[in-house]
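Visitor: fold the following.
(chains A, B and C)
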Amino acid sequence: MKKKISPMTRKSFVTYGLLLIVFIAVEIMMNTGNISSMLKGLLVPVCVYSILAVSLNLTVGILGELSLGQAGFMCIGAYSSAIFSNLVKDTITQPLIRFPLAIIIGGICAALFGILIGIPVLRLRGDYLAIVTLAFGEIIKNVFAALYIGYDSTGLHFSLKSQGDLGLGADGKMIINGALGISGTPNDSTFEIAAAILFITLIIAYNFVNSRTGRAVMSIRDNRIAAESVGINITKYKLITFGLTAFLAGVAGVLYSHNFYSLQASKFDYNMSILVLVFVVLGGIGSIRGSVIAAVVLTMLPEYLRSINNYRMLFYAVILIVMMICTSNATIRNFFVHNFEKLKGLIFKNKSKTVKEAE
Amino acid sequence: MALLEVKKLGISFGGLRAVDEFSIKIEKGELYGLIGPNGAGKTTIFNLLTGVYKPTDGSILLDGVDITGKSTIQINRAGIARTFQNIRLFHNLSVIDNVKVGLHNHYKYSAGTGVFRLPKYFRTEKEMNKKALELLKVFDLDGEAYLPASGLPYGKQRKLEIARALATEPKLLLLDEPAAGMNPNETAGLMDTILTVRDEFGVTVLLIEHDMFLVSGICEKLTVLNFGQLLCEGKTGDVLSNPEVIKAYLGE
Amino acid sequence: MAFLDNLINGISLGSIYAVIALGYTLVYGIAKMLNFAHGDVIMVGGYVVFTAMVDWGMNSWLSVGLAIVACTVLGITIEKVAYKPLRKATSLSVLITAIGMSYFLQNMALLIFGEKPKTFTSVINIPKISLFDGKVVIKGETTAAIIVSIVIVVCLSLFVNHTQKGRAMLAVSEDKDAAQLMGINVNSTISLTFAIGSGLAAVAGVLLCSSYPTLSNTTGAMPGIKAFVAAVFGGIGSIPGAMIGGILIGVIEILGRAYISPQLSDAIVFAVLILVLMIKPTGILGKKINEKV
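Guide: Sure thing, here's the model as predicted:
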């Protein structure tokens, strides 16, 4: 039998290729100085949002559950890594050592929280799971906004009340200052690192989906009862997916926090989680490449079309509603599929003929 | 020793006694039929045997091991696989992937091995593909291996469900109305397939069916259920000529 | 005395949550969906009353009536436009649509009314009650919230259990298809449910804005989510459960704010939700639903 490449593998390599082309193009633009400062400023956020979208798509598209806690996991990654970087920035001065460590720490902290949250709530399904993840996201945001951390020669100090309550010595330095957040984080996020991590994220996501584990997760999505009947451990695979989603969101948080000098927990609110959901829905639930494209387009577009900025959020809302109705209502979907096929038939008339003959 | 020995199994839903004092003994390699009028509790018994429902009383022994009250997953690992009356496929997955999910607990590698594509991943996937294609071939589905399961015609979906169940390497296979919605030709083909499954895979089969052509054609023994209770049991020919059974089916 | 004060405030806020929670519980029980936009209908109700009173100079009672009508129409429209086409879709699609609808209402209000919050004038003119020589004062808004919520719960219970339309709602909540076969018009029953829920949201909006007079486009979001927590706590689908859950959540929130941490009061409410779902996912008065295999 002729060795054939599975459609999934082909899909993933096309995505890798596209990303590589875009990366090289941007690098050329940067090195020849043909890049606007606005675009330059958008490069890291675009990667961050792409990673977030791919990560959420694992839960929404592959596991088939809705998580509204994406911002919360991101927040944990951002804060834990920023604390680390702030503590070691004077001892480890080389960012190429410091930053990978920060990424690992941020990712693992977020994944641990994801699993911790997952254990009690993954028994729940659908609406309840969504609201619980939303609740966890809010709790995380509120706790970080009320948290004060500082250090002096005697060690680390924590408080949930105020800066004064820390009792720092004369040589003390603040790391987290309550609602004012965290400042002084080294700007270690470069476009190259962010792009590399996006690349790794894609490899992880595609390989995950296209493996024994991914199949088990998708079988749960398609039919939970049948999956149990063939011996698939539902909780285990839900937890793995949830943990992976949280890990990647945490890593995105690390890139995010190391892109700004100061950062407040209020950034990681419900709107952030919804934004990522909009990327996933617009890109197509379950489509990893679609998530990246949607994240890139929707992050850049409002910056270039300032005039529509006021309508941006309204537009997002309409995307969510219209996409769902068009893909989930059988009548409307068939209408689109039918006309799309007709259109395709007109454009690719000759091509489809040859394919048929070959078969 | 019998492969499956069920003693005085019962379950109540609120005040309703859905199954009461149900006992059955199936020997290894038998092709056994469970029949009865609609609402007699046949599917409920399948759900009890596979751990979807927990029995209120009674015991279930599989190959001498007590599996009463165990979870669906544990019971599948102990050796019972099933199909469903209303087909439950993984409809977005390809035909071969449906079977590969069935192979899940027999061909293992960790999530990390999969994500990082370690050599074991390629080795195991290759073995899985081979095994899955072999299974699909038995059911004449190997030509459609890479199509989405939802695209298969009805009769083939039923066959795929059986293939997926067999992939878990069960000792006992439960088939819930396998011939439902099939035309006589398809049913005849299905009967051959069930016999092949029993003879070539050495799997014991318990099936629920309303199609008397299939039941009398391949089942060696029958148990008749009525109103959640055992009405009679024995050799197929004897049971089907029993006046009690005829009365239950046709009324007074 | 400070404790008593807090307790009364908690019950007052809880009564408002209860009225909102009723809307969630009705819709969840009958349409089997989490109507995320419910909280934002509250905000719309608030804006209607505000506009009617301030911009059009309408009398307060008339404004409230107008808000109820507007929200009822809005609720029915939302259901027809966004949710009805998804009756047969997965719960994931329905949930995402509902989130989209919530976001739509919030941002529409932002475009129409602007970012700057409005200061709402209370529509309630019940005199305050002084207890213990004025050490504890019960505001008119508090009395109104408690009385209104009790009246609503009693009326709604009577309606659901003793009228034909109400019993049709119960039937649809048990089994949509069977109800259809029995000659119940499922579509109009679901519309009626949304109408009642949204009308109640308008009432809740008026009570909420009278007690907490800052009105912005996100006014309804947090109370909406907390009321859902209340509905789950009390047992989703249960009318008295919504009342009990609402009061408990209100009291927990106010006591948490007073005695634990003002910044963490939201976090405490959400922690309660998680605990309830871990220990008793069906809530205080909820019933277990078996999945059919």
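Visitor: how about the helices in chain A?
Guide: Using DSSP state H, the helices of chain A run over A:7-31, A:37-57, A:70-88, A:95-121, A:126-145, A:191-209, A:212-222, A:224-229, A:234-257, A:270-283, A:288-304, A:312-328, A:330-347, A:349-358.
Visitor: ranking these by mean pLDDT, which is last?
Guide: The minimum mean pLDDT among the helices of chain A belongs to helix A:349-358 (a mean of 42).
Visitor: report the angle between the helix or strand encompassing residue B:135 and helix A:212-222.
Guide: Residue B:135 is part of helix B:119-138 when elements are defined by DSSP states H and E. Relative orientation of helix B:119-138 and helix A:212-222, computed by axes from the mean of the first three to the mean of the last three C-alpha atoms, to 10 degrees: 50 degrees.
Visitor: re the thing from before, can you put the helices of chain A in TSV and add distance to chain B and mean neighbour count?
Guide: C-beta coordinates here come from the backbone N, C-alpha and C atoms, glycine included. Shown next, in TSV, are these (distance: least, C-beta to the nearest C-beta, whole Å; neighbours: other C-beta atoms under 10 Å in any protein chain shown):
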stretch	distance to chain B	mean neighbour count
helix A:7-31	8	14
helix A:37-57	13	23
helix A:70-88	19	27
helix A:95-121	12	20
helix A:126-145	18	23
helix A:191-209	5	20
helix A:212-222	4	24
helix A:224-229	4	22
helix A:234-257	6	26
helix A:270-283	17	24
helix A:288-304	14	20
helix A:312-328	13	19
helix A:330-347	13	10
helix A:349-358	15	9
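Visitor: so how far is the longest helix seen in chain C off the chain centroid?
Guide: Using DSSP H to define each element, chain C has its longest helix at helix C:2-31. Averaging C-alpha positions (C-alpha atoms, centre = their mean, to the nearest Å) puts helix C:2-31 8 Å from its chain's average.
Visitor: what residue in chain A comes nearest to chain B?
Guide: Going by C-beta to the nearest C-beta, chain B is nearest to residue A:211 of chain A, at 2.8 Å.
Visitor: how about that residue, phi and psi?
Guide: phi -140, psi 180 (degrees, to the nearest 10).
Visitor: quick one: mean pLDDT over the helix holding residue B:135.
Guide: Across helix B:119-138, the average pLDDT comes to 94.
Visitor: report the angle between it and helix A:191-209.
Guide: 40 degrees.
Visitor: mind listing what's buried in the longest helix of chain C?
Guide: Buried positions in helix C:2-31, judged by neighbour count with 16 or more other C-beta atoms under 10 Å in any protein chain shown: C:5-31.
Visitor: out of those residues, which touch chain A?
Guide: Contacts with chain A within those, counted by C-beta under 8 Å from any C-beta of the partner chain: residue C:28.
Visitor: show me what the helix holding residue B:135 is packed up against.
Guide: Helices and strands touching helix B:119-138, by 3 or more C-beta pairs under 8 Å, 6 or more residues apart in numbering or on different chains; DSSP states H and E, are helix A:212-222, helix B:95-102, helix B:111-115, helix B:154-167, helix B:184-201.
Visitor: can I get the first one in CSV, CA atoms only?
Guide: The one in question is helix A:212-222. Taking Å, rounded to 0.1, in the frame of the first residue of the first chain, the C-alpha atoms of helix A:212-222 are listed here in CSV:
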residue,chain,number,x,y,z
ARG,A,212,-4.1,8.5,21.4
THR,A,213,-4.9,11.1,24.1
GLY,A,214,-6.4,13.5,21.6
ARG,A,215,-8.6,10.8,20.2
ALA,A,216,-9.8,9.9,23.7
VAL,A,217,-10.7,13.5,24.4
MET,A,218,-12.6,13.9,21.1
SER,A,219,-14.5,10.7,21.8
ILE,A,220,-15.7,12.2,25.0
ARG,A,221,-16.8,15.3,23.1
ASP,A,222,-18.6,13.3,20.5
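Visitor: for it, packing partners?
Guide: Against helix A:212-222 (3+ C-beta pairs under 8 Å, 6+ apart) you get helix A:224-229, helix A:234-257, helix B:95-102, helix B:111-115, helix B:119-138.
Visitor: enumerate the residues of the stretch 101-250 of chain A near chain C.
Guide: A:120-121, A:123-124, A:126-128, A:130-132, A:134-136, A:138-139, A:142-143, A:145-146, A:160-161, A:179, A:225.
Visitor: what's the distance between the residue nearest to residue B:189 when sequence neighbours are not counted and residue B:178?
Guide: Spatial nearest neighbour of residue B:189, chain neighbours left out: residue B:155 (7.9 Å); criterion: C-beta to C-beta, 6 or more residues apart in numbering or on different chains. For residue B:155, the distance to residue B:178 (C-beta to C-beta, to the nearest Å) stands at 10 Å.
Visitor: between the two, what contacts are shared?
Guide: When contacts are counted by C-beta atoms under 8 Å, 6 or more residues apart in numbering or on different chains, residue B:155 and residue B:178 are jointly contacted by residue B:190.
Visitor: for residue C:102, list the residues it contacts.
Guide: Contacts of residue C:102 by C-beta under 8 Å, 6+ apart are A:317, C:36-37, C:39-40, C:221, C:224.
Visitor: any idea which helix or strand carries it?
Guide: Applying DSSP H and E, one finds residue C:102 within helix C:91-113.
Visitor: helix/strand/coil for the one residue sitting closest to the centre of chain B?
Guide: Centroid-nearest residue in chain B, with C-alpha atoms, centre = their mean: residue B:174, separated by 2.1 Å. Classification of residue B:174 using DSSP: H, G, I helix; E, B strand; the rest coil returns strand.
Visitor: what residues are up against it?
Guide: B:46, B:49-50, B:80-83, B:206-208.
Visitor: ok, residue A:183 touching residue A:262?
Guide: Yes. Between residue A:183 and residue A:262 there is a contact at 3.6 Å, judged by C-beta atoms under 8 Å.
Visitor: compare these two (neighbour count), which wins?
Guide: residue A:183 (16 against 13; other C-beta atoms under 10 Å in any protein chain shown).
Visitor: give the full set of residues in contact with that one.
Guide: Residue A:183 neighbours (C-beta under 8 Å, 6+ apart): A:177, A:261-263.
Visitor: which of these are buried?
Guide: Applying 16+ other C-beta under 10 Å to the contacts of residue A:183 flags A:177, A:263 as buried.
Visitor: now, among the contacts of residue A:183, which is nearest to residue C:216?
Guide: residue A:263 (24.6 Å; C-beta to C-beta).
Visitor: my guess is the closest one contacts residue A:77. True?
Guide: No. When contacts are counted by C-beta under 8 Å, residue A:263 is not listed as touching residue A:77 (11.7 Å).
Visitor: between the two, which contacts overlap?
Guide: residue A:257.
Visitor: follow-up on the earlier one: now the helices and strands packed on helix A:212-222 in JSON lines, with distance to residue A:22?
Guide: Shown next, in JSON lines, are the helices and strands packed on helix A:212-222 (distance: least, C-beta to C-beta, whole Å):
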{"stretch": "helix A:224-229", "distance to residue A:22": "37"}
{"stretch": "helix A:234-257", "distance to residue A:22": "17"}
{"stretch": "helix B:95-102", "distance to residue A:22": "31"}
{"stretch": "helix B:111-115", "distance to residue A:22": "24"}
{"stretch": "helix B:119-138", "distance to residue A:22": "29"}
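Visitor: which one of the ones you listed lies nearest to residue C:190?
Guide: Between residue C:190 and those, the shortest gap by C-beta to C-beta is with helix A:224-229, which sits at 26.2 Å.
Visitor: who does that closest one touch, helix- and strand-wise?
Guide: helix A:212-222, helix A:234-257, helix B:72-78.
Visitor: so which residues on chain B come close to chain C?
Guide: For chain B, the residues in contact with chain C (C-beta under 8 Å from any C-beta) are B:13, B:43, B:47, B:52, B:84.
Visitor: who's in contact with the residue in chain C positioned nearest to chain A?
Guide: Residue nearest to chain A within chain C: residue C:100 (2.8 Å; C-beta to the nearest C-beta). Counting by C-beta under 8 Å, 6+ apart, residue C:100 touches A:316-321, A:324, C:82.
Visitor: cool, thanks, signing off.
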